[in-house]
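Need a 3D model of the following:
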Amino acid sequence: MLDDDNPTSTSTQQFALEKKILSFYQELEHFEPEEITEALVLQRASHIQYLQNGLGQLPAGFASLDASRPWICYWILHSLALLDAKLPDKPTADDVVYFLSCCQDPRGGYGGGPMQLPHLAPTYAAVCALVTLGTERALLSVDRLKMQDFLTRMCIPPEQGGGFCIHEGGEGDLRACYIAMAVAHMLGLDKHGLAERAGMVEYIRRCQTYEGGLGGEPSNEAHGGYSFCGVAALALLGRLDALDLPRLLHWGAQRQGAMEGGFNGRTNKLVDGCYSFWQGGIFPLLQQLPAWQLLGLSGPAGSAAAERSSGAASSSSHLVPRVPPLPTNMAQVKSPVEQAQSVLNLKNIQAQQLVASATQAGDAVDIAMRGGNHERGATARKVSDMTSQARVLLDRAAVAQQLAEQASLNVSVSLSSSCFLFPVPDAEDPPAPIGVGLHGEPSPSPPLYNYKALQLWILRCCQAKAGLRDKPGKGADYYHTCYCLSGLSSAQHTSNCVVGPRENVLRRADPACNVTEDKLKAALAFFGARPVPPLAGTAGGQDVEMEG
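From the prediction side, this is the model:
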């Protein structure tokens with residue numbers, strides 16, 4: 001982070017984090033490529049043990065999560081699935097199914113625990129957990145007819161604002177929209193009819209802010225978690241064209257920390273391991289679109305996607321005008337290292353000048369104090385004034401020295417940052433040779449964000465001895481373990497490259513629902529053979545194919 005001489009609580013926290021992370025990355029600075037590979041190992045065995053221990057009875061400290069028990073099941077089950085690990089001997093898969101069945105409300109949906117209010121959030125977690133288990137008993141345990149009734153009751157009519165409420169009488173936001181679509185999709189329910197009844201596409205469009213990201217509700221600040229929810233909900237309908245995609249892509253890419261490699265959730269906030277998925281997971285959804293849509297260009301004449309994109313562009317008048325593009329001649333723009341070095345040179349000069357002035361002022365005080373005895377009162381006043389001035393200069397010199405030391409540290413940070421260790425390839429660079437990727441395919445080019453830097457952040461900074469965490473200095477927990485691993489899997493499979501040894505590869509998850517692809521495919525086939533009637537009074541519809 002470059003110092004602008006205007007410290008704030010935000011910049012102070014950012015500087016402290018960069019200082020803490022520096023030691024994690026400096027060790028890699030002089031490593032050979034094979035040495036970096038050996039240093040970035042996913043501690044699979046310890047994470048599996050940590051997760052398996054959490055699926056049964058938890059300590060009393062988890063009592064605060066009593067209304068989130070289906071979430072704990074999902075976080076652990078999905079993490080184990082990504083790690084390709086088995087369930088512990090106890091509890092069994094049937095035990096988990098029985099517990100989640102106790103959380104299912106007779107009128108549809110799931111509560112955060114047995115006999116609790118049905119709520120969309122634990123409903124999503126329960127359905128994801130059951131799909132991840134994938135047994136016939138697990139899939140049959142969901143009352144899909146009652147679930148469709150529950151989701152229908154959560155619809156907020158367009159004339160009342162649109163979208164979905166999170167529970168009966170509760171607030172409406174993008175979490176609810178996403179969960180309704182994801183649950184309906186996984187269970188083979190009428191997601192298009194639900195979206196139509198809630199006016200959901202227009203509601204989500206109104207949540208996009210001038211920054212490009214999406215807030216939880218219209219007029220809220222853009223936020224990574226809510227942005228993923230809105231984008232994934234539209235992706236499940238094939239309606240990403242409803243958003244200003246170039247602005248969204250720019251905002252999302254700017255959330256990746258150049259030094260850390262991880263993502264933050266909002267502008268001027270610290271990176272957090274969970275946003276490896278909530279923010280990083282937006283890009284696989286966008287990468288499915290043709291380049292002309294992401295760049296805001298005109299599509300193939302007469303295509304349905306081009307017509308919808310044109311309509312979306314004309315309806316985005318609630319957003320501020322676009323920022324003018326940067327000059328084409330960027331030859332004089334300095335790199336982060338060059339900028340940091342320039343600041344250091346300036347701070348050193350300022351510190352040296354203030355130290356010299358303070359030294360001269362101190363010498364002048366000494367001379368005045370050794371002066372003659374005549375006019376003793378006048379001399380004393382003069383010495384007092386000179387001493388005060390010298391003290392001011394000494395204080396300013398001390399501050400200048402601190403700023404110079406901070407600038408020196410910033411040079412070290414820029415030289416050891418994630419983007420310095422793993423620079424983003426230029427669009428003109430040739431793709432990786434066939435055979436080096438996960439699937440024997442060239443890496444996608446150009447990249448939408450720095451996939452390798454994100455993997456570095458997760459492997460180097462988010463791994464605890466067992467489990468994964470928010471950032472260095474924080475403890476591991478099941479939530480961050482789930483979403484750090486989800487982000488790592490997404491970065492690996494979206495970029496078709498792996499940082500560290502090949503043993504780091506995780507199973508691929510569906511980018512919209514965040515359950516493993518094989519389990520989702522099996523669930524869709526299972527439920528597809530047992531159709532539920534669509535909603536009455538809606539047009540319904542089929543998924544819109546992406547045109548490229």
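
In this structure Ala466 contacts Asp477, no?
No - judged on CB atoms under 8 Å, Ala466 makes no contact with Asp477 at a distance of 11.1 Å. (Each C-beta comes from the backbone N, C-alpha and C, glycine too.)

who's more crowded, the two?
Neighbour count, other CB atoms under 10 Å: between Ala466 and Asp477, Asp477 has more, with 20 against 16.

Point out where the stretch 401-548 of the chain drops to low pLDDT.
425-446, 538-548 (pLDDT under 70).

Roughly how far does Ser417 sit from Pro511?
27 Å (CB to CB, to the nearest Å).

meant to ask about Ala39
Ala39 is 29 Å from Pro511, by CB to CB.

Who has more neighbours out of these two?
It is Pro511, of Ala39 and Pro511, that has more neighbours when counted by other CB under 10 Å, with 25 against 13.

And the next helix or strand past the helix or strand harbouring Glu35?
Element membership for Glu35, per DSSP states H and E: helix 33-39. Counting by DSSP H and E, the next helix or strand C-terminal to helix 33-39 is helix 44-54.

now for that following helix, which elements pack on it?
In this structure, helix 44-54 makes packing contacts with helix 69-82, helix 478-495, judged by 3 or more CB pairs under 8 Å, 6 or more residues apart in numbering; DSSP states H and E.

Now distance to Glu136 too, for the ones you listed, in TSV please.
Shown next, in TSV, are the helices and strands packed on helix 44-54 (distance: least, CB to CB, whole Å):
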stretch	distance to Glu136
helix 69-82	17
helix 478-495	25
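
How about the helix holding Glu35, which residues are buried there?
For helix 33-39, the neighbour count (16 or more other CB atoms under 10 Å) marks Ile36, Thr37 as buried.

how near is the residue nearest to Asn450 when sequence neighbours are not counted to Gln463?
Distances taken as CB to CB, 6 or more residues apart in numbering place Val424 nearest to Asn450, at 4.8 Å, with adjacent residues excluded. Relative to Gln463, Val424 is positioned 23 Å away (CB to CB).

Have a look at the two and say which one is more surrounded.
A direct count of neighbours by other CB under 10 Å for Val424 and Gln463 places Gln463 higher, at 22 against 17.

re the thing from before, confirm the residue nearest to Asn450 sits in a helix?
No - assessed with DSSP: H, G, I helix; E, B strand; the rest coil, Val424 is coil; it does not lie in a helix.

who's in contact with it?
Contacts for Val424 (CB atoms under 8 Å, 6 or more residues apart in numbering) come out as Pro447, Asn450, Ala453.

right, and the first one touches Ser495 too?
Read it as Pro447. Yes - assessed by CB under 8 Å, Pro447 is found in contact with Ser495 at 6.6 Å.

If we ignore the residues flanking it in sequence, what's nearest Val413?
Nearest residue to Val413, sequence neighbours excluded (CB to CB, 6+ apart): Glu18, at 5.1 Å.

Could you report the distance from the one you found to Arg255?
Distance of Glu18 to Arg255, given as CB to CB: 16 Å.

Count the residues that sit near the nearest residue to Lys191 once chain neighbours are set aside.
Leaving aside its chain neighbours, Lys191 sits nearest to Ala184 (3.8 Å; criterion: CB to CB, 6+ apart). Using other CB under 10 Å, Ala184 is surrounded by 23 other residues.

Please identify which helix or strand holds Ala184.
Counting by DSSP H and E, Ala184 is found in helix 174-186.

Is the nearest residue to Leu524 once chain neighbours are set aside part of a helix or strand, or is it coil?
Leaving aside its sequence neighbours, Leu524 sits nearest to Gly188 (CB to CB, 6+ apart; 6.5 Å). Look at Gly188: counting by three-state DSSP, its state is coil.

Just the pLDDT at Gly188, thanks.
We have a pLDDT of 98 for Gly188.

and it, what does it touch?
Arg144, Leu524, Phe527, Gly528, Arg530, Pro531, Val532.

so of these, which ones are in helices?
Among the contacts of Gly188, the members falling in helices (DSSP state H) are Arg144, Leu524, Phe527, Gly528.

hmm, back to that, doesn't Leu151 make contact with the residue nearest to Lys191?
Yes - taking contacts as CB under 8 Å, Ala184 lies within contact range of Leu151: 6.2 Å.

Quickly list what's touching both of these two.
With CB under 8 Å, 6+ apart, Ala184 and Leu151 have common neighbours Leu194.

Can you measure across stretch 52-69, start residue to end residue?
Taking CA to CA, to the nearest Å, the first and last residues of stretch 52-69 lie 15 Å apart.

Mind listing what's buried along it?
Within stretch 52-69, the residues scored as buried using 16+ other CB under 10 Å are Gln52, Gly54, Leu55, Leu65, Ser68, Arg69.
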